[in-house]
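Novice: turn this into a structure:
(4 chains, ligands or ions: 2)
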Amino acid sequence: MADTATPTARIRTQPARIDPHRIRADFPILATANRFGKPLVYLDSAATSLKPKAVIEAVDGYNSEYSSNIHRGIYEIAERATAAYEAARVSTARLINAPEAAEIVFVRNATEAINLVAYSWGRRNIGRGDTIVLTEMEHHANLVPWQVLVQERDGDLEFIPITDDGLLRLEVYEALLHLHPKLVAFTHVSNMLGTINPVRELTEMAHAAGALVLIDGAQAVPHIPVDVQAIGADFYVFSGHKMLGPTGSGALWARRELLEAMPPFLAGGDMIREVHLRRSDWNEIPYKFEAGTPDIAAEIGLGAAAEYLMGLGMDAIRVHEQELARYAIETLRREVPGIEMYGPEAGDRGGVVSFNLPGIHPHDVAQILDRSGICIRAGHHCTMPLHERFDLAATARASFNVYTIPEEIDALAVGLREVVRIFER
Amino acid sequence: MADTATPTARIRTQPARIDPHRIRADFPILATANRFGKPLVYLDSAATSLKPKAVIEAVDGYNSEYSSNIHRGIYEIAERATAAYEAARVSTARLINAPEAAEIVFVRNATEAINLVAYSWGRRNIGRGDTIVLTEMEHHANLVPWQVLVQERDGDLEFIPITDDGLLRLEVYEALLHLHPKLVAFTHVSNMLGTINPVRELTEMAHAAGALVLIDGAQAVPHIPVDVQAIGADFYVFSGHKMLGPTGSGALWARRELLEAMPPFLAGGDMIREVHLRRSDWNEIPYKFEAGTPDIAAEIGLGAAAEYLMGLGMDAIRVHEQELARYAIETLRREVPGIEMYGPEAGDRGGVVSFNLPGIHPHDVAQILDRSGICIRAGHHCTMPLHERFDLAATARASFNVYTIPEEIDALAVGLREVVRIFER
Amino acid sequence: MDDLYRDYILEHYRRPHNFGVLDQPTASYEGSNPLCGDRITMMLGISDGVVREVAFTGRGCAISQASASMLTDEIKGKTVEEVEKMTPEDLLDLIGIEISPARLKCALLSLDTVAHALADQASGQASAEETQPQPGQ
Amino acid sequence: MDDLYRDYILEHYRRPHNFGVLDQPTASYEGSNPLCGDRITMMLGISDGVVREVAFTGRGCAISQASASMLTDEIKGKTVEEVEKMTPEDLLDLIGIEISPARLKCALLSLDTVAHALADQASGQASAEETQPQPGQ
Ligand SMILES: Cc1ncc(COP(=O)(O)O)c(C=O)c1O
Ligand SMILES: Cc1ncc(COP(=O)(O)O)c(C=O)c1O
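Specialist: Ligands and ions are numbered 1, 2, ... in the order given. All right, here's what the predicted structure looks like:
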């Protein structure tokens, strides 16, 4: 790694910065090694993030000190569990600057949140001939639920195309808005290209055309400051497991009026006010949308993750990851001849770098890197249409988080040169 | 407690037994005390169970040693996570003797499982005038989703009534089957009465009438041996958090042909085979029903819980809890004059005892017991119609699990006498 | 013995003040708390902007019943304006025991029901029925 | 160096045997593995129950391409019956490297595609297309 280490030092320190080297001590998994004794170089944070001690211990604490059901118990540990669960809602609301915690519905992941909206809002508001506008860069989670919906309701999908640089073509979006869509749904940050979409502008344009806006924040909330009020969004969704939180946690945020007008999605205990044999009344929001025993442990963990992120500061995290992206693009371009990279040129992009080595399948790339303890993703990253758009069967992807350090990117560069060497020998 | 301790000794030991005193060492929470220094007497296991170390550590292990996404990663920790997740499916299948692990769909809880069936199977198979037969003792989770379904599809609900002892009236069931219902859905064990329903007989009768059968096993899987093949069920659902597993874990089991014929419920990543902008193909079962990143940590914990239960032996657990129920009924009847208890007379009933003290609201009962560290539930236990059936505003409920010991029932008796004393003073 | 179940609370529970019905209430409301099964009907006799008579019926836990009993004592003779200004904190101070979050709904049901009765009267209706939202059941 | 990427695997990948098309295949099938983007078309020329000719085209990772290359060598000259009897284990033995669970689909795509081609031929169809199920994507 020595020959590529120098550029690291060149990254200037600024006031609002995080110290990733210190942060790494918070992540127990970073102290582990692979089967060949190589330390973990985890560059697959866009798939799921590692978990800091604060989160692991929040889950553990619930499981071993006050595991009990919530909202119903009149005993000490149940009151503690209820308080912790509701405090997590408050933390989650603060992280995205939601006007009130009651607008945060806890769900398993971004996928469930989008399906909730597609079923509850969609079944009631999308009818024959109604249009939903998406983009070509959506994750399957923000595409397939809408396909199912419009197929069932006889509606239409339209797609904002992207440029070869991975930017939305706003002039086409403008034209699509003349179709008077009922909903515009787009990702805040692309999980393949790293594109950070101009969500505020997109939202204003949609609203001007009379459409509601759903934003998939799965790749944004962990990495950049998000303010749903400043954006003006109607629905905003994200997953806990990508933002240092546990699997099983996540949130749908929506404006109170929307949530109140929507029928329930899942039915059962906790989401009702009164149940009779043949009819029931619904509870108030957010409980109306949280049927059954929620994932108490995971959502408490999500609260801990939100607090951890706010403790580091989302602005500082953003600076760190933007620098990593820039450093990765520079380093790989210099060190790995022939590498092809996708997405916008440095500048305003997220900590995701997708690439291909000429003549080598990404799966082979990932497999060889694994020996060195380097974890990257290979495949379509749940964005098959986007890969079709670029006529790619698959890509390799390195993605970053608060604990990522430039040395890991150096290691990746070394690893990729080794891949090339193996395939050229 | 001294004066009521004697009967404990009278419970005979038998060959297939568990030793709850030894088991208690596996549950870290049982070493904790409440704000008054009183040890935890947890008698609310029907709401959610405590978690053994094996489960806590399974979750912890994933979070701190190999947290990564599954099914997609080509690196070591991702392969480990995938293997652990799929091994949990195998353990879960074994616990209920499912014919194959691919028939186990992981869900958040029993509630989600029932909603999955109501949306996916129900929207396709229930039409105008079609009847679904339920029982008067259903938890809201196995009632409200069907209310919503028949309201939407213009179908009908019918209810098997119960006797004053809390047993299903089979002669009425017989008559209801003449309506040729499409589905019969009932709980295996009642969470309020403790009734263990004759599921095999109920299923055979339903099948003879041409109906499919969904069984709510939320209160059965943790406590009695369950064999879905011997029962002959079509759908069987349960929650992990009531069976020593983590919140966020649970399963729907259904016969392969049913699952294969059903359309997906939630759409997104992982449940697809190929996605294009305007159409997609579905993955094979069970993945077709597991959209997005599942609750990997919790389902791995569910597998650990299933292994733990099988290690103790479900037959032995059943014996233990049946004895506890009998002991509780005897003890409370003797020690707490005027107590009213609900459900079948001892014999074949689950480890749940619901009761009322004359003239004292169950919330006051629970609140006073809390001071002594005793945790019971007060309310309608998500069975409002059942409470209406008995003209009860609420009940108090004590419920047991593998770690429950007769001494805790003695403590409850002492606590209840204290409640009476306070209210009579 | 138990902080919550002081003698005066149980006294109010066993022999609630103002328990019964008014023949001609000018304002009335039935509030309920489905989770607990608490149910209270509040009846007010108001003239010249003053609560001259008050009565309640219902069933529920000791906390909800004692709270209703004490609240009716408190508001009798007060102006409507004064009653409308009462906050949950005022009622909790009146009850004088520490209420845990899980029981707040029980303790506040009486005040909530009075507020609804006054609001209905102000808007010209009487005796509407509504259940109280639950923070999760 | 890397167990998986032995010289002979890379050799087969770089210069696959039997890569190309048959003019008149008696059996043919396109198999794919959407997760990886692997795609293989297998063409067989069968007469008197013997695989006389075999060719494949496609693109994919080294494992899937090397596997296809080695499999075509192996089945040429075999009877259809013998080919039908081939198990995944047989193919893995042939490839001779240890395949991790995540890559099994890649390694077995060629055999799976041959099996489909033979099944289609047996049932009288030719050149159907089907994608291979994924154990989670
Ligand atoms: C019989 C029964 N069915 C269903 C449920 C719902 O379980 P969950 O809240 O885990 O979905 C419960 C738990 O309260 C239950 O007791
Ligand atoms: C942009 C985007 N949206 C949605 C998702 C779906 O997230 P989950 O699987 O947690 O529901 C992902 C994660 O892969 C993503 O990157």
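Novice: show me where chain C has its helices.
Specialist: C:7-14, C:62-75, C:80-85, C:88-95, C:104-122 (DSSP state H).
Novice: most tightly surrounded among those helices?
Specialist: Ranked by mean neighbour count, the helices of chain C are led by helix C:62-75 with a mean of 25 (mean count of other CB atoms under 10 Å in any protein chain shown). (C-beta placed from N, C-alpha, C; glycine too.)
Novice: which residues touch whichever residue of chain C sits closest to chain B?
Specialist: Nearest to chain B in chain C, going by CB to the nearest CB, is C:G37, at a distance of 2.9 Å. With contact taken as CB atoms under 8 Å, 6 or more residues apart in numbering or on different chains, C:G37 is in contact with B:361, B:379-380, B:387, B:392-394, C:59-60.
Novice: how close does it get to A:R24?
Specialist: Distance check for C:G37 against A:R24: by CB to CB, to the nearest Å, it reads 53 Å.
Novice: same thing with A:E257?
Specialist: In terms of CB to CB, A:E257 sits 44 Å off from A:R24.
Novice: neighbour count: those two, which is higher?
Specialist: Under the criterion of other CB atoms under 10 Å in any protein chain shown, the comparison of A:E257 against A:R24 puts A:R24 first, with 16 against 10.
Novice: which SS class is the more buried one?
Specialist: helix (DSSP: H, G, I helix; E, B strand; the rest coil).
Novice: not counting its neighbours along the chain, what's nearest A:P337?
Specialist: Using CB to CB, 6 or more residues apart in numbering or on different chains and skipping residues adjacent in sequence, the residue nearest A:P337 is A:V420, 7.9 Å away.
Novice: am I right that the one you found is in contact with A:L357?
Specialist: Yes: assessed by CB atoms under 8 Å, A:V420 is found in contact with A:L357 at 6.2 Å.
Novice: intersection of neighbour lists for these two?
Specialist: What both A:V420 and A:L357 touch, as defined by CB under 8 Å, 6+ apart, is the set A:336, A:338.
Novice: now do the same for A:I360: its pLDDT.
Specialist: Looking at A:I360, its pLDDT stands at 95.
Novice: residues in contact with the residue lying closest to it once chain neighbours are set aside?
Specialist: Distances taken as CB to CB, 6+ apart put A:F423 closest to A:I360, at 5.2 Å, once the chain neighbours are dropped. Contacts for A:F423 were tallied using CB under 8 Å, 6+ apart; they are A:357, A:359-360, A:364, D:5, D:10, D:62.
Novice: ok, 10 Å please
Specialist: A:357-361, A:364-365, A:368, D:5, D:10, D:13-14, D:62 (CB atoms under 10 Å, 6 or more residues apart in numbering or on different chains).
Novice: and the furthest pair within those?
Specialist: Largest separation among the contacts of A:F423 by CB to CB: A:P358 and D:Y5, giving 16.9 Å.
Novice: with only the CA atoms kept, save stretch A:262-274 in CSV.
Specialist: Output of stretch A:262-274 as CSV, limited to C-alpha atoms (Å, rounded to 0.1, in the frame of the first residue of the first chain):
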residue,chain,number,x,y,z
MET,A,262,-54.7,7.3,4.3
PRO,A,263,-56.4,4.0,5.2
PRO,A,264,-54.4,1.5,7.3
PHE,A,265,-52.0,-0.8,5.5
LEU,A,266,-51.5,-3.8,7.8
ALA,A,267,-54.3,-4.5,10.2
GLY,A,268,-54.1,-6.1,13.7
GLY,A,269,-53.3,-5.2,17.2
ASP,A,270,-52.1,-1.8,18.2
MET,A,271,-53.4,-0.1,15.1
ILE,A,272,-57.0,-0.1,16.3
ARG,A,273,-59.0,1.9,18.7
GLU,A,274,-62.0,-0.3,19.1
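Novice: what residues sit buried inside it?
Specialist: Judged by neighbour count (16 or more other CB atoms under 10 Å in any protein chain shown), stretch A:262-274 contains these buried residues: A:262, A:264-274.
Novice: beta partners for A:G379?
Specialist: A:T395 (DSSP bridges).
Novice: wait, it touches D:P34, no?
Specialist: Yes: contact status for A:G379 versus D:P34: in contact at 9.3 Å, counting by CB atoms under 10 Å.
Novice: distance check, A:P161 against A:G194.
Specialist: 18 Å.
Novice: circling back: would the residue nearest to A:I360 count as being in a helix?
Specialist: Yes: counting by three-state DSSP, A:F423 falls inside a helix.
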